[in-house]
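Visitor: no sequence for this one, just the structure:
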């Protein structure tokens, strides 16, 4: 009986509570209906103020996101923006930066900027890294053969084809192509893009230095060979036959000597120079010096009206051939570095041993396919010292366009290569785990055996791609 009584009391209590809550809601509803217009407007105003405050809090967040995006894009592409600015300034004020002009750019820029670039490059290259990387002869051989032999002679074949079909392009465009493709690899941009993509920074740094030292001797020699082509350089034209003593004196003073001095100082004061390189941002100073050289060369061309000798057909041909040459160089470097084989089961051992890691392949591609303005423009100034500076400006145009193209395309390639390298590292980890479970030796995944659009890969031991720390 007691339990029944308690249950009844509980039900009665719940009914009373429900009745009270209903009455309270009715009272609130009546109160809300009986609100005066003033009270209602006050509630509306308070609600609007709260809403405006929330919107005001969201606006700074949106602007901060936009600002961060703009800063990120500027940090990534500021050099390309700088190229546009210096070219525009050269068109607007050519007399300032031309040779024998207001700032005597034949000394202040064409010597001063080059010395700065190679001195800082020598200071930035860690001596220990150079010594550790110097014995990797296969990697250096691939890079330098493609850069100094394959691309120049391919360009020579393309030029002879255009002449054979009577393409009616300006003769200086042909000569400019030969000069552009006979130069060495870049000094800074290839190592920067390799580092950003997660590639072998040490290999890129060493081959940049090696290529530019070799370029002092190889580039003039190539121009001597091509200068003997009477179709490419008809009698009476500016052939640019080099005086080797003068070439070695000029390029040795502006390229080799600053590089050696920089390495010597780095060897004596490694910690101090490393601190200065990070504090003063050597890479940015190098890029600014390079922009100064581009500006000076364009000033020379605009001041002499030499660019008016080129029509729209010449410009389109320069851009088209430069894009083709750069992409062909990239594809060839990847193909040689990741040598394919039709069938995996009968793949020779030497093919597996030849293949480079993904990080090394990235360095090979950027060093093998790129061409330098910092070496090319001094080479043009030396080889064509007796020509007008306007002609020098036109001869430099294919090289300048090639440099701009490789920077544009190279920056887009960074993200693709970064994903490719990361994919290879993930697959290596999976293969190692599978080998640990099964007790068998891990093998390369079949998806890595294709060359394009994917890349060919061979598995390397864990941390095999590790390189010495970059400066």
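Guide: That came in fine, so what should we check first? Since we're looking at a predicted model, the values are computed, not measured.

Visitor: how far away is residue 401 from residue 347?
Guide: Shown here: residue 401 relative to residue 347, a distance of 41 Å by C-beta to C-beta, to the nearest Å. The way it works is simple: take the backbone N, C-alpha and C, and place the C-beta from them, glycine included.

Visitor: do the same with residue 153
Guide: Distance from residue 153 to residue 347, by C-beta to C-beta: 31 Å.

Visitor: next one: residue 143
Guide: Using C-beta to C-beta, residue 143 is found at 24 Å from residue 347.

Visitor: between these two, tell me which one has more neighbours.
Guide: Taking neighbours as other C-beta atoms under 10 Å, residue 143 and residue 347 compare with residue 143 leading, 29 against 16.

Visitor: spit out the contact partners of the more buried one.
Guide: Going by C-beta atoms under 8 Å, 6 or more residues apart in numbering, residue 143 touches 185, 207, 211, 333, 364, 367, 368.

Visitor: of those residues, buried ones?
Guide: 185, 207, 211, 333, 364, 367, 368 (16 or more other C-beta atoms under 10 Å).

Visitor: what helix or strand does the third one sit in?
Guide: Same thing as residue 211. helix 201-227 (DSSP states H and E).

Visitor: what's the mean pLDDT across that helix?
Guide: Averaging pLDDT along helix 201-227 yields 86.

Visitor: repeat for stretch 85-100
Guide: For stretch 85-100, the per-residue pLDDT averages 88.

Visitor: again with stretch 144-151
Guide: Rounded mean pLDDT across stretch 144-151 is 96.

Visitor: quick one: buried residues of it?
Guide: In stretch 144-151, counting by 16+ other C-beta under 10 Å, buried: 144, 146, 147, 148, 150, 151.

Visitor: go on, stretch 200-216?
Guide: 200-216.

Visitor: repeat for stretch 298-318
Guide: 298-304, 306-307, 309-310, 314, 317-318.

Visitor: got it, and stretch 351-371?
Guide: Going by 16+ other C-beta under 10 Å, stretch 351-371 has these buried residues: 355-371.

Visitor: and that stretch, how far apart are its ends?
Guide: Separation of the first and last residues of stretch 351-371 by C-alpha to C-alpha, to the nearest Å is 29 Å.

Visitor: now it: how far from the chain's centre is it?
Guide: 16 Å (C-alpha atoms, centre = their mean, to the nearest Å).

Visitor: what does stretch 189-200 give?
Guide: That offset, for stretch 189-200, works out to 7 Å (C-alpha atoms, centre = their mean).

Visitor: contacting residues around it?
Guide: So stretch 189-200 is in contact with 201, 203-205, 207-208, 283, 357-363, 366-367, 370, 406-407, 410-411, 413-415, 417-418, 421-422, 465, 467, 470, going by C-beta under 8 Å, 6+ apart.

Visitor: any idea how far the helix or strand containing residue 421 is from the chain center?
Guide: Using DSSP H and E, residue 421 sits in helix 389-438. Offset of helix 389-438 from its chain centre (C-alpha atoms, centre = their mean): 7 Å.

Visitor: who does it touch, helix- and strand-wise?
Guide: Under the contact criterion of 3 or more C-beta pairs under 8 Å, 6 or more residues apart in numbering; DSSP states H and E, helix 389-438 touches helix 37-92, helix 171-182, helix 189-197, helix 282-303, helix 312-337, helix 358-369, helix 373-383.

Visitor: which strands and helices sit next to the second one?
Guide: Applying 3+ C-beta pairs under 8 Å, 6+ apart, we find helix 171-182 packed against helix 151-164, helix 201-227, helix 312-337, helix 373-383, helix 389-438.

Visitor: please identify the deepest-packed of the ones you listed.
Guide: Comparing the helices and strands packed on helix 171-182 by mean neighbour count (mean count of other C-beta atoms under 10 Å), helix 373-383 ranks first with a mean of 25.

Visitor: now do that one: everything it contacts.
Guide: Applying C-beta under 8 Å, 6+ apart, the set of residues contacting helix 373-383 is 106, 110, 113-114, 117-118, 179-180, 183-184, 186-187, 212, 215, 219-220, 223, 240-242, 246-247, 250-251, 254-255, 289-290, 293-294, 297, 392, 395-396, 399-400, 403.

Visitor: what subset of the residues you listed is buried?
Guide: 106, 110, 113-114, 117-118, 179-180, 183-184, 186-187, 212, 215, 219-220, 223, 240, 242, 247, 250-251, 254-255, 289-290, 293-294, 297, 392, 395-396, 399-400, 403.

Visitor: what's the angle from the helix holding residue 421 to helix 373-383?
Guide: 150 degrees (axes from the mean of the first three to the mean of the last three C-alpha atoms, to 10 degrees).
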